[in-house]
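Student: After the sequence you'll find the predicted model.
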Amino acid sequence: MIETPNDAHTVVTHRPRAVLIGPMASGKSSVGRSLAARWAVELRDSDALIVQHTGRSVADIFAREGEAAFRQLEHEVIMEQLSSFDGVLALGGGAVLDERTRAALQEHTVVYLTVDERNAGYRIKGDTSRPVLAGGGIDTWRRIFAERRGLYEECATVQVDTSKGTTGASATRIIESLVNAGLERATTTGGKRPQPSSVPV
Ligand code: S3P
C-alpha cells in the first residue's frame, strides 16, 4: 500500500495499475477487461461509474444538463478512483479535455489506446449511445480525434494500437510495453503478479 501525502487533505492509499485513455472505440473497455483478467484485478470504467452514481445514462446527462456538467462529474469520479482504486481504470474518450485530470494523470501509468479509422468505423457503426458522435459517424469521430490527439499524447506513458487482433493480444502488447518501460515486471504467469509463495528467494 502506498501512503504518499498528496496535499493537505488527501492521502493516496491506492493507485490504478493502469489507466486507459484514447478515442471512442479504441477498446478501452474491451481491452481493459482482458488486461484486468490477465492481472486478476478489477476493471472500472468512468462512464459506468457516472451511470452508477447518478442513476442516469451518459446520453441523458448530456441532453438534460449539458456536456460541461458531464465533464465535471467525470473529473470528480476519475479523481476519486485515481487515489482509491488499484485495478485497471478505463476513462471516457473526452476525459483528457479537463486540464485538472490531465495534470493528475502525470502521476500515473497511462496507456493510450489507438485505433485506425477503418476499425473505428466498424466499431461505431449504428452506435446511438455516444452523444458526442450525434449521428455523425466516422466523420465526427475523425474530427474529434484530430482535436484531442495531442492531449492523449501528452498524458500517455505508453501507446498501444488495438486495430488488429483480439483484445487478449492487445492486452499482451500493453503488458509488454509496460515491462519494456520498466513499469511492470516480466512474469511467466500471463501477466499476473507472482503469489508470495512462488516468489523466488
Ligand atoms: C465521450 C466518450 C464516451 C463517453 C461520452 C463522451 C467523448 O466514452 O464518455 O459519450 O467525449 O469522447 P467512450 O470513449 O468509452 O466511448
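Tutor: The structure has been received and is ready for your questions.
Student: For Arg38, pull up the helix or strand it's in.
Tutor: Using DSSP states H and E, the element containing Arg38 is helix 28-39.
Student: for that helix, packing partners?
Tutor: Counting contacts by 3 or more C-beta pairs under 8 Å, 6 or more residues apart in numbering; DSSP states H and E, helix 28-39 is packed against strand 18-21, strand 43-45, strand 88-90, helix 167-180. C-beta: built from backbone N, CA, C; applies to glycine.
Student: Export those as JSON lines, with columns for mean pLDDT and distance to the ligand.
Tutor: Below are the helices and strands packed on helix 28-39 laid out as JSON lines (pLDDT from 0 to 100; distance: least, C-beta to the nearest ligand atom, whole Å):
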{"stretch": "strand 18-21", "mean pLDDT": "98", "distance to the ligand": "9"}
{"stretch": "strand 43-45", "mean pLDDT": "98", "distance to the ligand": "7"}
{"stretch": "strand 88-90", "mean pLDDT": "98", "distance to the ligand": "7"}
{"stretch": "helix 167-180", "mean pLDDT": "97", "distance to the ligand": "14"}
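Student: before we move on, the earlier item: need the contact partners of the helix holding Arg38.
Tutor: Applying C-beta atoms under 8 Å, 6 or more residues apart in numbering, the external contacts of helix 28-39 come out as 17-18, 20-22, 42-43, 45, 87-88, 90-91, 93, 113, 162, 166-168, 170-172, 174-175, 190-193.
Student: Quick check on these: which are buried?
Tutor: When the contacts of helix 28-39 are checked for burial by 16 or more other C-beta atoms under 10 Å, the buried set is 17-18, 20-22, 43, 45, 87-88, 90-91, 93, 113, 162, 167, 170-172, 174-175, 191.
Student: Now do the helices in this protein.
Tutor: 28-39, 46-54, 58-65, 67-82, 99-105, 117-124, 137-155, 167-180 (DSSP state H).
Student: which of these sits most buried?
Tutor: Among the helices of the chain, ranked by average contacts under mean count of other C-beta atoms under 10 Å, first place goes to helix 28-39 (a mean of 22).
Student: what's the distance between that helix and the middle of its chain?
Tutor: 10 Å (C-alpha atoms, centre = their mean, to the nearest Å).
Student: Could you export it as CSV, CA atoms only?
Tutor: The C-alpha trace of helix 28-39 is given here as CSV (Å, rounded to 0.1, in the frame of the first residue of the first chain):
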residue,chain,number,x,y,z
LYS,A,28,-10.7,0.9,-23.5
SER,A,29,-13.4,-1.2,-22.0
SER,A,30,-13.0,-4.4,-24.0
VAL,A,31,-9.2,-4.5,-23.9
GLY,A,32,-9.4,-3.2,-20.4
ARG,A,33,-11.4,-6.3,-19.5
SER,A,34,-8.8,-8.6,-20.9
LEU,A,35,-6.0,-6.7,-19.2
ALA,A,36,-7.7,-6.8,-15.8
ALA,A,37,-8.4,-10.5,-16.2
ARG,A,38,-4.7,-11.1,-17.0
TRP,A,39,-3.7,-9.3,-13.9
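Student: What mean pLDDT does it get?
Tutor: Average pLDDT, helix 28-39: 98.
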